[in-house]
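Chemist: next one to model:
(4 chains)
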2 protein chains.
Amino acid sequence: MNTLSYGLLSLLTRNSRTGYELMQNIQPFWQAKHSQIYPLLAQLEQKGYVEFVHVPQSDKPDKKVYSLTDNGREALKKWIAQPTDEPVVKDELALKVFCIGLVDKEQARKVLHEREVYYQKKKERFAQSFERIKQDSAKPLEELEIHDPLFGLYVLIQKATLKADADLVWCEWMKSKLK
Amino acid sequence: MNTLSYGLLSLLTRNSRTGYELMQNIQPFWQAKHSQIYPLLAQLEQKGYVEFVHVPQSDKPDKKVYSLTDNGREALKKWIAQPTDEPVVKDELALKVFCIGLVDKEQARKVLHEREVYYQKKKERFAQSFERIKQDSAKPLEELEIHDPLFGLYVLIQKATLKADADLVWCEWMKSKLK
DNA sequence: CTTCGTTATGTCATTATTGACATATCCATT
DNA sequence: AATGGATATGTCAATAATGACATAACGAAG
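Modeler: Here you go, the predicted structure:
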């Protein structure tokens, strides 16, 4: 069982989801393509950690809605207690910035601008996520307790927002350096 | 040529380095083991993007000190002008936090504490990096221009520091939630 | 005196991940 | 009318990345 497999189980603690949705929803924590997700789901099903129901659709292709089994939930608890790997980052932009002095300011600004747009979109997405869970939640978000099903999502969006802010502050600072 | 190969060339713009040093120095931007670096360096040498001199050592094993060729520098410039991939993140902790409600507060605190130590160490490392380049630099860091060889390093440490701060703010906030 | 960590390079089998192909329907744009 | 994107699932060859093995010498800790 690799980390991504546990990640899929993690998502299923809150909602039943299709493979396609799992692929989309796991992106903020772990970038993976559908070609990796589907085989892992088949494995998880074989192990008895998830089960699925076939849902026929007329307008779109049929789907398989996966949900977590009790076995899956137990496996998750054990996984949480294990030591946690440090985050892995692969950042092409950072590598380019390291040797940005090779090109002129004009081009450096272009490289930076691309990424600034990306960070801004990211921040907007998180703001939308906050809105969505605010509507789902009975209580004000600040009062959510650890066992509230929305808690995990809330604290992660909080973290992502803090990071996106840090990225944007850096972009502004960097732009002033390239004037 | 994959991104990591260009990353190695990027590092060599500032200093000649051994494979072992490259493996260490690239960690903040791109986590890779020596078993991946050495074969890539051999490829880069074959392509004429880097060259090396053999340096015998008596106390430690001999080393190969790699440096960038003009061809390598040209390849780098072309790479910078290409569209940049978005950063890849694989964060096991984030996945655990998503379903942290499965365990009790005590265990959740334990999981968080592990990572807090990690973020603190990270911040210290960046503070040390700042100290080091301050000593290397003739000017105050704030006045570095894009073509200064220290510029890329300076802006990256700035970014990493901002991010580490954001992570620590989140840890504090999270701890207050787990009281 | 032995074991462990660091420096230093390298190979290789296994595993993780991607990109391309394949199929099918709907909707919006050109 | 055709093209492209979203939804939805799947396979498979190719590439990326890891973990284990191998060698070797030093210093420190036990």
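Chemist: what residues sit buried inside the longest helix seen in chain A?
Modeler: The helix that spans the most residues within chain A, counting by DSSP state H, is helix A:105-136. Within helix A:105-136, the residues that count as buried by 16 or more other C-beta atoms under 10 Å in any protein chain shown are A:108-109, A:111-112, A:115-116, A:118-119, A:122-123, A:126, A:129-130. To be clear about C-beta, it is placed using only N, CA and C from the backbone, and glycine gets the same treatment.
Chemist: which SS state does the residue nearest the centre of chain A fall under?
Modeler: Residue closest to the mean C-alpha point of chain A, counted by C-alpha atoms, centre = their mean, is A:Pro28 at 1.9 Å. Of the three states, A:Pro28 takes coil under DSSP: H, G, I helix; E, B strand; the rest coil.
Chemist: list the contacts of it.
Modeler: When contacts are counted by C-beta atoms under 8 Å, 6 or more residues apart in numbering or on different chains, A:Pro28 is found next to A:156, A:160, B:94.
Chemist: what about 7 Å?
Modeler: If you count contacts by C-beta atoms under 7 Å, 6 or more residues apart in numbering or on different chains, A:Pro28 has them with A:Ala160.
Chemist: same for the longest helix of chain A, what does it pack against?
Modeler: When contacts are defined as 3 or more C-beta pairs under 7 Å, 6 or more residues apart in numbering or on different chains; DSSP states H and E, helix A:105-136 sits against helix A:151-177.
Chemist: so which bits of the helix it packs on are buried?
Modeler: For helix A:151-177, burial by neighbour count (16+ other C-beta under 10 Å) applies to A:151-171, A:174, A:177.
Chemist: same question, stretch A:137-146
Modeler: Quick answer for stretch A:137-146 (16+ other C-beta under 10 Å): A:137, A:141, A:144, A:146.
Chemist: do that stretch and chain B meet?
Modeler: Yes. Applying C-beta under 7 Å from any C-beta of the partner chain, one finds stretch A:137-146 in contact with chain B at A:Ile146.
Chemist: only C-alpha atoms, please: export that stretch in PDB.
Modeler: Extracted in PDB, the C-alpha atoms of stretch A:137-146 (Å, rounded to 0.1, in the frame of the first residue of the first chain):
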ATOM      1  CA  SER A 137     -21.500  23.800   8.000                       C
ATOM      2  CA  ALA A 138     -24.100  24.300  10.700                       C
ATOM      3  CA  LYS A 139     -21.600  26.100  12.900                       C
ATOM      4  CA  PRO A 140     -19.300  29.100  12.200                       C
ATOM      5  CA  LEU A 141     -16.100  27.500  10.800                       C
ATOM      6  CA  GLU A 142     -14.000  28.800  13.700                       C
ATOM      7  CA  GLU A 143     -16.000  26.600  16.100                       C
ATOM      8  CA  LEU A 144     -15.500  23.300  14.200                       C
ATOM      9  CA  GLU A 145     -14.200  20.500  16.400                       C
ATOM     10  CA  ILE A 146     -11.800  17.800  15.400                       C
END
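Chemist: pLDDT of it, averaged?
Modeler: For stretch A:137-146, mean pLDDT rounds to 94.
Chemist: what's in contact with that stretch?
Modeler: A:133-134, A:150-151, A:154, B:100-101, B:105, B:108, B:178.
Chemist: run the last query once more with 8 Å
Modeler: In contact with stretch A:137-146 (C-beta under 8 Å, 6+ apart) are residues A:130, A:133-134, A:148, A:150-151, A:154, B:100-101, B:105, B:108, B:177-178.
Chemist: with respect to DNA strand C, which of those residues is nearest?
Modeler: B:Ile100 (21.8 Å; C-beta to the nearest atom of the strand).
Chemist: give me the angle between the worst-scoring helix or strand of chain A on mean pLDDT and helix B:151-177.
Modeler: In chain A, no helix or strand scores lower on mean pLDDT, DSSP states H and E than helix A:105-136, which sits at a mean of 92. Interaxial angle, helix A:105-136 versus helix B:151-177 (axes from the mean of the first three to the mean of the last three C-alpha atoms, to 10 degrees): 10 degrees.
Chemist: nearest to A:Tyr20 among the buried residues of helix A:105-136?
Modeler: Distance to A:Tyr20, by C-beta to C-beta, is smallest for A:Ser129 among the buried residues of helix A:105-136, at 18.8 Å.
Chemist: residues in contact with that closest one?
Modeler: A:153, A:157.
Chemist: number of residues surrounding A:Asp59?
Modeler: A:Asp59 is flanked by 4 other residues according to other C-beta atoms under 10 Å in any protein chain shown.
Chemist: quick one, what contacts it?
Modeler: Per C-beta under 8 Å, 6+ apart, neighbours of A:Asp59: none.
Chemist: which ones are touching A:Glu45?
Modeler: A:Glu45 touches A:51-52, A:66, counting by C-beta under 8 Å, 6+ apart.
Chemist: distance of it from A:Glu51?
Modeler: Per C-beta to C-beta, to the nearest Å, A:Glu45 is found 7 Å from A:Glu51.
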